[in-house]
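Visitor: 3D model of this:
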Amino acid sequence: MGQKLLLRDLTLRDGQQSAFATRMNQQQIDSVLPYYKEANFYAMEVWGGAVPDSVMRYLNENPWDRLEKIKAGVGKASRLTALSRGRNLFGYAPYPDEIIEGFCKNSIDSGLGIMRIFDALNDVDNVKSTLTYVKKYGGIADCAVCYTIDPHFSTAERLKARLKGQALPDTVFTDHYFLDKAKEMERLGADMITIKDMSGLIQPRRIAGLITLFRKHLSIPIDFHTHCTPGYGLGSVFSAIMHGADIVDTVIWNFAGGPAAPAVELVYLFCKKAGIALDVNMEAVARINQKLVSVRRELEAFDAVRQFPLPFNPLTDALPDAIDKAFGIAVSAAGKNDEDTLLRACHEIEAYFNFPKPNELVKKAEIPGGMYTNMVAQLKQMNAMDILEDAMKLIPSVRLDAGLPPLVTPTSQIVGAQAVNCALDIKNGKPMYTNVSNQFVALVKGEYGKTPVPVKPAFRLKIAKVSEETPYDTSKHRMQENPVLTESGGVRLAANEKEILLLELFPSVAVTFLRKQKEARFQASRQPESEQECIETKPETPVTGKVVVSPMPGNVFKILVKPGDLIVQGQEVVILESMKMENSITSDYAGTVKRILTKTGANVPTGGRLIEIEV
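Guide: I've put the predicted structure just below:
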């Protein structure tokens, strides 16, 4: 065929995020870098997504150090790439241009080569700033179109909506919808386009059509990204390759399949059978995979599937005749666009190597696997697993109410968390949308950008107290507080530009992380005390007033009142971060704040005491 395929390795970012909750520590990362230097991947995705948040939140590591150490270990062997949410960067809020510029400059200075930029609403306006600054500082702008599908509504649901004068929308997410977004990004200066299928929902026939359409109308390289959860991933990657994708995203064997992307080793075998050239050094890949076996065992507590694939090295291990034949069938079926035959062959291959079976629940729900697991984790924390089915059923209607956003971070989290809130409302005998997160309000209001279909003015008025779409006003952005830490020697919480950026993008997590870092440095610099200070423990004063309690588990992000304040019933008193959503906690009582029973950064359970009020 004369075709040459480039590979982007996702193992150290999306791979470990999908399969192991982003828990790889720096030591584990360092153990594989010498082999990555030899592997010759076109690109390695190592940063962005959940990495910066998770390494601070769970590993007490600095995200900037991670990027810089990987760059030092790999050098120029592969371009390092990160995933960015457009104007939201790595966070959950829109940011002004000065923060976006500072972030892009520092990222590229620290070793980043490619920024994959997407917007959760496919609002191209939200991609412009990051694209501009990535290119300004010498990076490659990889702009992603988020693939999604229309929610399925039954004939009865459509008839019911029409009788209420609320006709459900016809097909929105057509092939030309995605092409138009890609063409807009190319006109803005995108260096490449990624078809980003974050849910693994794209089927082989559909990606074949999209790749063909994109190649006809675009003049820049096309990358394809998907996941294996619903069972389409491997077949769709094979289909994309046969129909002319320039780059595909893969993961190394022991981190691949299931919730992650397909294994590079299976792509290698497919390309070998199809006569497609790869530049990757598979001997180095095999050495990385040997290290990943022990790393995966160390991450057992976070393993999403707990199912190791059959040990295999495509350079040294022979395939059984039946599986070798299945690869041949897959090559032929992908070329002919025979989806059913292709998927049967791929499922046979995956079953032989013991990769996870298709997740029928996620496939039926048509949501990202991570969105489903986040929802389950949230309900377990609340001891409310009995409403899981109800929450799942509410996702299509909540999504439609919010303007039919694609389900990708952060909108997947916003919609999923709101479906849970609505299910809890119904369970507690309250109307839907009694409890809404601040992010859901912002989404409906228009602060995240233009939704694929307009939000109904009456619903916007109900949720956001305004009927007109109201974009985020970056002129009103206020930088996060950067206090002097008197208890840590009088240093600033954020001591330099990179730490200030962490504080802006991850305010609740970075405050705790940076405070710990400064405290540790201060304690290490002090001379040992000759005598231990005696600390008098005072008995806790009993609570006699009314108490505001937390309705859910989470972290205290902000305390909005202080002792002595007069408050009214329904007033916001605390902002609680739960499942990365900010939730305003209000008081059921009017009176005087007597005592603050928690502190910023504290973890609180459901029913945890927050504020004491004297009524």
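
Visitor: remind me, longest helix of the protein?
Guide: helix 507-525 (DSSP state H).

Visitor: Partner strands of whichever helix or strand comes after that helix and their direction?
Guide: Per DSSP states H and E, helix 507-525 leads on to strand 546-549 as the next helix or strand towards the C-terminus. Taking DSSP bridges as the criterion, strand 546-549 pairs within the sheet with strand 609-614 (antiparallel).

Visitor: For whichever strand or helix holds residue 269, give the mean pLDDT please.
Guide: Using DSSP H and E, residue 269 sits within helix 264-274. Mean pLDDT, helix 264-274: 97.

Visitor: and what of stretch 241-258?
Guide: Mean pLDDT, stretch 241-258: 97.

Visitor: again with stretch 468-476
Guide: Mean per-residue pLDDT for stretch 468-476: 88.

Visitor: so how far does that stretch reach from one end to the other?
Guide: One end of stretch 468-476 sits 19 Å from the other (CA to CA, to the nearest Å).

Visitor: Which residues does it contact?
Guide: Applying CB atoms under 8 Å, 6 or more residues apart in numbering, the external contacts of stretch 468-476 come out as 87, 93-97, 442, 445-450, 454-455, 457, 460, 464. Glycine gets a C-beta too; all of them are placed from N, C-alpha and C.

Visitor: which among those end up buried?
Guide: Neighbour-count burial (16 or more other CB atoms under 10 Å) applied to the contacts of stretch 468-476 gives 87, 93-96, 442, 445-450, 455, 460, 464.

Visitor: Residue 389 - how many residues pack around it?
Guide: 10 (other CB atoms under 10 Å).

Visitor: for whichever strand or helix holds it, packing partners?
Guide: Assigned by DSSP H and E, residue 389 belongs to helix 388-401. Packing partners of helix 388-401 (3 or more CB pairs under 8 Å, 6 or more residues apart in numbering; DSSP states H and E): helix 369-381, helix 411-427.

Visitor: so which of these is the most packed in?
Guide: Greatest average neighbour count among these goes to helix 411-427 (a mean of 24), per mean count of other CB atoms under 10 Å.

Visitor: tell me the mean pLDDT for the helix or strand following that helix?
Guide: The helix or strand immediately downstream of helix 411-427 is helix 438-445, counting by DSSP H and E. When pLDDT is averaged along helix 438-445, the result is 94.

Visitor: I'd like to check what contacts the longest helix of the chain. Which residues are they?
Guide: Contacts of helix 507-525 (CB under 8 Å, 6+ apart): 53, 56-57, 60, 62, 480, 485, 487-489, 491, 493-495, 499, 502-503, 555, 557, 577, 600-601.

Visitor: got the contact list for residue 557?
Guide: So residue 557 contacts 507-508, 575-577, 582, 600 (CB under 8 Å, 6+ apart).

Visitor: Closest to residue 423 out of those?
Guide: residue 576 (18.9 Å; CB to CB).

Visitor: Could you give the number of residues near the nearest residue to the closest one once chain neighbours are set aside?
Guide: Closest residue in space to residue 576, ignoring its immediate chain neighbours: residue 554 at 4.4 Å, by CB to CB, 6 or more residues apart in numbering. Neighbourhood size, residue 554 [other CB under 10 Å]: 27.

Visitor: how close does residue 554 get to residue 481?
Guide: 20 Å (CB to CB, to the nearest Å).

Visitor: Please compute how far the helix or strand hosting residue 283 lies from its chain's middle.
Guide: According to DSSP H and E, residue 283 maps onto helix 282-298. Helix 282-298 sits 25 Å away from the centroid of its parent chain (CA atoms, centre = their mean, to the nearest Å).

Visitor: do stretch 252-269 as well
Guide: With CA atoms, centre = their mean, you get 20 Å for stretch 252-269.

Visitor: go on, stretch 463-475?
Guide: For stretch 463-475, the distance to the chain centre is 25 Å (CA atoms, centre = their mean).

Visitor: Of the contacts of helix 507-525, just the buried ones, PyMOL syntax please.
Guide: With 16+ other CB under 10 Å as the criterion, this PyMOL line picks the buried residues out of those:
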select buried, resi 53+56+57+62+480+488+491+493+494+499+502+503+555+557+577+600+601
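
Visitor: From the contacts of helix 507-525, which land in helices?
Guide: Using DSSP H, these in helices are 53, 56-57, 499, 502-503.

Visitor: Throw the residues you listed into JSON lines and include pLDDT, thanks.
Guide: Shown next, in JSON lines, are the ones in helices among the contacts of helix 507-525 (pLDDT from 0 to 100):
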{"residue": "53", "pLDDT": "92"}
{"residue": "56", "pLDDT": "96"}
{"residue": "57", "pLDDT": "92"}
{"residue": "499", "pLDDT": "97"}
{"residue": "502", "pLDDT": "95"}
{"residue": "503", "pLDDT": "94"}
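
Visitor: I'd like the next helix or strand past the helix or strand of the chain with the lowest mean pLDDT.
Guide: When the helices and strands of the chain are scored by mean pLDDT, DSSP states H and E, helix 155-163 comes last with a mean of 69. The helix or strand immediately downstream of helix 155-163 is helix 175-188, counting by DSSP H and E.

Visitor: what does that following helix rub up against?
Guide: When contacts are defined by CB under 8 Å, 6+ apart, helix 175-188 is touched by residues 122, 124, 127-128, 131, 143, 145, 147, 193, 195, 206, 209-210, 213-214, 217-220.

Visitor: Stretch 348-363 too?
Guide: By CB under 8 Å, 6+ apart, stretch 348-363 touches 199, 228-231, 234, 256-258, 263, 266, 305, 307-310, 312, 320, 322-323, 326-327, 330, 347, 368-369, 372.

Visitor: List only those of those flagged as buried.
Guide: The buried subset of the contacts of stretch 348-363 - by 16+ other CB under 10 Å - is 199, 228-231, 234, 256-258, 263, 266, 305, 309, 312, 323, 326-327, 330, 347, 368-369, 372.

Visitor: List the contacts of residue 16.
Guide: Residue 16 neighbours (CB under 8 Å, 6+ apart): 22-24, 255, 299.

Visitor: For stretch 312-322, list every residue counted as buried.
Guide: Buried residues in stretch 312-322, counting neighbours by 16+ other CB under 10 Å, are found at 312, 314.

Visitor: can you pull the pLDDT of residue 541?
Guide: With respect to pLDDT, residue 541 scores 80.

Visitor: Now do the residue nearest to it when sequence neighbours are not counted against residue 124, distance only.
Guide: Distances taken as CB to CB, 6+ apart put residue 595 closest to residue 541, at 7.7 Å, once the chain neighbours are dropped. Separation of residue 595 from residue 124 (CB to CB): 50 Å.

Visitor: of the two, who's got more company?
Guide: When neighbours are counted by other CB under 10 Å, residue 595 and residue 124 differ, and residue 124 comes out ahead with 23 against 15.

Visitor: Give me the nearest residue to residue 118, chain neighbours excluded.
Guide: Nearest to residue 118 is residue 144, by CB to CB, 6+ apart, at 3.8 Å.

Visitor: Give me the three-state assignment for the one you found.
Guide: strand (DSSP: H, G, I helix; E, B strand; the rest coil).

Visitor: For the protein, give me the ranges with low pLDDT.
Guide: 1-2, 91, 153-155, 157-158, 161-167, 370, 373, 527-540, 578-581 (pLDDT under 70).

Visitor: my guess is residue 114 meets residue 41, correct?
Guide: No - counting by CB atoms under 8 Å, residue 114 does not reach residue 41; the two are 11.8 Å apart.

Visitor: Phi and psi next, for residue 477.
Guide: Dihedral pair for residue 477: phi -60, psi 130, per degrees, to the nearest 10.

Visitor: got it, and residue 594?
Guide: Torsion angles, degrees, to the nearest 10, at residue 594: phi -90, psi -40.

Visitor: before we move on, what about residue 11?
Guide: Torsion angles, degrees, to the nearest 10, at residue 11: phi -50, psi -40.

Visitor: count of neighbours near it?
Guide: 30.

Visitor: Ok, residue 78 next?
Guide: 23.

Visitor: quick one, what contacts it?
Guide: Residue 78 touches 9, 36, 39-44, counting by CB under 8 Å, 6+ apart.
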